[in-house]
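Q: structure, please.
(one chain, ligands or ions: 1)
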Amino acid sequence: MSDHTTHKLWGGRFSTPTAAALEALNRSIGTDYRLWPFDINLSQTWAVALWGAGVLTLEESKKIERGLALVGQKLAAGAQSLPSDEDVHTLIDRMLHDEIGDVASKLHTGRSRNDQVATATRLWSMDVCTKLDVAVRALQQVMFDHAATLGDVLMPAYTHLQRAQPVSAAHWMLSHFWPLERDRARIVSASRAAAVLPLGSGAIAGCAFPISRVLLQGSLGFSSVSQNSIDAVGDRDFVAELLFTVAMTATHLSRLAEDLIIYGSSEFGFVQFGDAFTTGSSMMPQKRNPDALELARGSGARAIGDLTTLLTTLKGLPSGYNKDLQDDKRVLFDAVDTILLVLPAVAGALQEIRFNNRRMRAALSSSMMATDLADYLVEKGATFREAHTAIGSLIRESEREDCELDALPITSFKAAHSLFGDDVFDWLEPARSVARRDVPGGTGPNAVNAQLRSAKEALRPVADAARGNELVLRAV
Ligand code: ARG
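A: You can find the predicted model right below:
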């Protein structure tokens, strides 16, 4: 029921006005305004369903549908909310009354803002999953392009941030591609989780009019209908799943950013940042700061905080809708908005990075081929344990002499193990070490080429996007 002075949807049973302090706290229009296209869409469909249920005449249903379309046009043209609009649903209801008069009052029959907001938030989530997929894929494309042009360039790979073994630089680049590929699978899954229709659940017990939920499902593009109205109005698992997906992506971006920031330091010098995505210092003229990457790393903390906020909200709630749930959208929008800012910035920063092949090659010391030397002895018949001990003594000797393994004389090798022959120095070549690791998933040239082919395949746009199935049953 509409209160005509403030257009409240619920004023009837109250004799004194709501306290200003509660109105200020309760108002969510500042956050949920953006749901308007989805609220208009679901309300138009609801009008059709009410006609189907015999609640509205065809005339009334069409009038409401057209009225909502006009409201949508005004909102698209920038119509603003009034301070008295509690939330986006109230705003649209008020504007619909302004547009078509009293027949608008029939639209809210059989539904509640509880099933309405859950439906609108799900539609928003399904829609944004498509945008997230595009943004993640764009970053993957940049990674792929770098990997494809790096060719046979080599660099050190690190464990514990200590030089470990030589790898192809393309292999390192693609090590950041596959986490994003998993994120894209999670985006599809989050979209599917959102694609369950709550509309028709009413406030908590279901709709008392015989509306067709299958019609609602099909016309709104949901892939199924919720099974339980109590669950449907209080379920925000889909928000949690999307927030986890975003937090995981943000974590991956943060790790990439951290690699690049380290590799861009003068001490490493593996990469050089470009102009468009770095900033200078107000004090130190020589500085070039990788702000885009640092902001990406920093914003990951917020995404994780958003997920934690939602889970903490959910864990204490009794079943059904509770007003605490109004804040689900704050964290959802914050996390998604942030990642949609961060993804293109990281893609841009990565795109303009130049690799310094010479510096990467120079960081490959022969001691990093210690494992290859052990393999050499194994191939000549030693056990791996025995070989490991022999190489350990050579490493100790090189540390004593303050030199790399390849600076030790052949006599040292032969003293360490009798199976060492004159060909040992060939085995200290990084390219040879890399070439030997050609198992699928390894850093050898054939393996990396196969990996590039798989990556290219993964980047192919798929017809089945991250949305539910759209039957498009709109009747009017
Ligand atoms: N603005 C509310 C939200 O976002 C809409 C639902 C309000 N429901 C209610 N029973 N007051 O959750």
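Q: for the stretch 201-350 of the chain, which segments are assigned as helices?
A: 213-220, 229-234, 237-264, 291-315, 328-351 (DSSP state H, counting those that start in this stretch).
Q: so which of these gets nearest the ligand?
A: Set against the ligand and scored by Cβ to the nearest ligand atom, the helices of the stretch 201-350 of the chain come closest in helix 328-351, at 6.2 Å. To be clear about C-beta, it is placed using only N, CA and C from the backbone, and glycine gets the same treatment.
Q: just checking, what packs against that closest one?
A: helix 29-32, helix 113-150, helix 237-264, helix 291-315 (3 or more Cβ pairs under 8 Å, 6 or more residues apart in numbering; DSSP states H and E).
Q: and the angle from it to helix 113-150?
A: 10 degrees (axes from the mean of the first three to the mean of the last three Cα atoms, to 10 degrees).
Q: now helix 328-351: buried residues?
A: 328-336, 338-339, 342-343, 345-351 (16 or more other Cβ atoms under 10 Å).
Q: how about stretch 312-325?
A: 313, 314, 320, 321, 325.
Q: return only those of those found close to the ligand.
A: 321, 325 (Cβ under 6 Å from any ligand atom).
Q: pipe the buried residues of stretch 312-325 into CSV and attach distance to residue 225 per row.
A: Shown next, in CSV, are the buried residues of stretch 312-325 (distance: Cβ to Cβ, whole Å):
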residue, distance to residue 225
313, 26
314, 22
320, 18
321, 18
325, 21
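Q: leaving aside the residues adjacent along the chain, what's closest to the residue in the stretch 251-400 of the chain positioned nearest to the ligand?
A: The nearest approach of the stretch 251-400 of the chain to the ligand comes at residue 326, 3.7 Å away (Cβ to the nearest ligand atom). Spatially, and ignoring its direct neighbours in sequence, residue 326 is nearest to residue 28 (5.2 Å; Cβ to Cβ, 6 or more residues apart in numbering).
Q: next one: phi and psi at that neighbour?
A: Main-chain dihedrals, residue 28, degrees, to the nearest 10: phi -120, psi 10.
Q: from residue 117, how far out is it?
A: Here residue 28 is placed at a distance of 9 Å from residue 117 (Cβ to Cβ, to the nearest Å).
Q: near the ligand, which residues of this structure?
A: 28, 32, 87, 113, 114, 117, 321, 325, 326.
Q: and those residues, which two are the farthest apart?
A: Greatest spatial distance in the residues of the chain next to the ligand: 32 and 321, 14.6 Å, computed using Cβ to Cβ.
Q: how about the helices in the stretch 51-200 of the chain?
A: 58-76, 88-100, 113-150, 169-174, 177-194.
Q: what angle sits between the last one and helix 113-150?
A: This points to helix 177-194. 160 degrees.
Q: show me what helix 177-194 is packed up against.
A: helix 113-150, helix 237-264.
Q: may I see the buried residues of the host helix or strand of residue 41?
A: Using DSSP states H and E, residue 41 falls within helix 36-52. Within helix 36-52, the residues that count as buried by 16+ other Cβ under 10 Å are 36, 38-52.
Q: from these, pick the one nearest the ligand.
A: Once Cβ to the nearest ligand atom is applied, the member of the buried residues of helix 36-52 that ends up nearest the ligand is residue 39, at 10.3 Å.
Q: low-confidence bits of the stretch 1-150 of the chain, can you list those?
A: 1-5 (pLDDT under 70).
Q: ok, the nearest residue to residue 451 once chain neighbours are set aside - contacts?
A: Nearest residue to residue 451 in three dimensions, chain neighbours excluded: residue 174, at 5.6 Å (Cβ to Cβ, 6+ apart). For residue 174, the contact set (Cβ atoms under 8 Å, 6 or more residues apart in numbering) comprises 143, 144, 147, 448, 451, 452, 455.
Q: can you tell me how far the closest residue to residue 158 other than its chain neighbours is from the ligand?
A: Leaving out its chain neighbours, the residue that sits closest to residue 158 by Cβ to Cβ, 6+ apart is residue 164, at 5.6 Å. With distances taken as Cβ to the nearest ligand atom, to the nearest Å, residue 164 is found 51 Å from the ligand.
Q: quick one: residues contacting residue 164.
A: 156, 157, 158, 368.
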